[in-house]
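Engineer: Just to be clear, the model below is a prediction. Sequence and coordinates:
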Amino acid sequence: MSNMKKLHLLTAVVATCSFLYFSCTKAIRFQANSLPMDYNFPQKDTLSILAWNVEHFVDEHDNPYINNNREDKPKDVSRRIDLLADVLRRINADVVVLEEFESRALATKIAKEKLNNLGYRFFGGTESPDWYMNIVIMSKLPIGVTYSYGNIYTPVVSIKDSLGRTETQNNINTRIISSEIRVNEKFSFILTGVHLKAGRTTRDSAMRVGQIKLLQAQSRRFLAEDRNTNLVIAGDFNATPESGEFQFLLKGDKKAMFIDPLAGTNVFSHPSEKPRWRIDHIIINKNMQRFLLPNGVRIAENLEMKTLQEISDHLPIVAKFIIK
């Protein structure tokens, strides 16, 4: 066999292996992830995602491992739960990302007692062992593997200690989680909920950059497993669209770039009483972009502004997609 024929044969083998690998990864990802026996996927071709920082949202129970007056002695718990449930009912998103939310257990209780007819039956969340501001995902759609980052140390970029070592932290990385969401038998995406470090100091920004490096690395990991993976990152980034850290996240690299559908707009999300900037975002990769409806990301509409302000200092942001 000539060298040219050997080269063509090798190329064909590599192409075939690549096709088989990428076409099978989703099947492999979900092969042990059975659906509840009484569950049927919704018969619709749209998908909506809500992200909302609901500002110190806790239940009436004191967690003895958390020493904070807001959690120890919360105020107006029942009223806040009723208000939140009413807004969630009106928005009626398929998947909800709640930031500054105490626990998955609380979300489950609200869904069961206040939203029972809407179909929220799947929940994802990983909680800090000593703090109450967590990320919780509640979904009408089945959740696959949930990735927790609380044990990971991220760099505080460019910040050195007295010995010249780059500082690291893992105190707030519990506020980043990723979950596989199954929309139907043929379509899925990975949703990452975030509540990045707050604050405007150089050190705060450096902490966010370190967290963003983690987001980028994990995105590359997902895409290495399947280059067709649909990615969504949603939540409170504590970074404005023009900030260096947010632009750093969007640019990423050729393998993991993200799009801000609201880039160049005057859509603001914070503070809710008089919004003046946008630090809450829903961003997507190119694979997911083709499913986004025109003007598909916006602040939730047709809601009572006073109610939203009573719940939180942030406004809820919603993204809508068409899945055919």
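Structural biologist: Cool, the structure landed.
Engineer: Would you tell me what helix or strand the residue most central in space within the chain is located in?
Structural biologist: Nearest residue to the geometric centre of the chain (Cα atoms, centre = their mean): residue 193, 2.0 Å. Using DSSP states H and E, residue 193 maps to strand 188-195.
Engineer: strand partners of that strand, parallel vs antiparallel please.
Structural biologist: Applying DSSP bridges, strand 188-195 is found paired with strand 176-182 (antiparallel), strand 231-236 (parallel).
Engineer: Show me which positions of the next helix or strand after that strand end up buried.
Structural biologist: Following strand 188-195 in sequence order, the next helix or strand is helix 202-225 (DSSP H and E). Judged by neighbour count (16 or more other Cβ atoms under 10 Å), helix 202-225 contains these buried residues: 204-216, 218-219, 222-223. All C-beta spots, glycine's among them, are computed from the backbone N, C-alpha and C.
Engineer: tell me the angle of helix 202-225 relative to strand 176-182?
Structural biologist: On the basis of axes from the mean of the first three to the mean of the last three Cα atoms, to 10 degrees, helix 202-225 is oriented at 30 degrees to strand 176-182.
Engineer: average pLDDT for the strand holding residue 193?
Structural biologist: Mean pLDDT, strand 188-195: 98.
Engineer: again with stretch 168-184
Structural biologist: Rounded mean pLDDT across stretch 168-184 is 96.
Engineer: measure it end to end?
Structural biologist: Taking Cα to Cα, to the nearest Å, stretch 168-184 runs 40 Å from one end to the other.
Engineer: chain center to it: distance?
Structural biologist: Its chain's average C-alpha position is 7 Å from that of stretch 168-184, according to Cα atoms, centre = their mean, to the nearest Å.
Engineer: what pairs with the longest strand along the chain, and is each one parallel or antiparallel?
Structural biologist: With secondary structure taken from DSSP state E, the chain has its longest strand at strand 46-57. Strand pairing for strand 46-57, using DSSP bridges, gives strand 95-101 (parallel), strand 317-322 (antiparallel).
Engineer: Show me where the stretch 201-324 of the chain dips below the pLDDT cut-off.
Structural biologist: For the stretch 201-324 of the chain, applying pLDDT under 70 flags no range at all.
Engineer: Quick one: list the elements packing against the one helix or strand residue 145 maps to.
Structural biologist: Using DSSP H and E, residue 145 sits in strand 143-148. Applying 3 or more Cβ pairs under 8 Å, 6 or more residues apart in numbering; DSSP states H and E, we find strand 143-148 packed against helix 3-30, strand 122-126, strand 176-182.
Engineer: ranking the ones you listed by mean pLDDT, which is last?
Structural biologist: Lowest mean pLDDT within the helices and strands packed on strand 143-148: helix 3-30, at a mean of 46.
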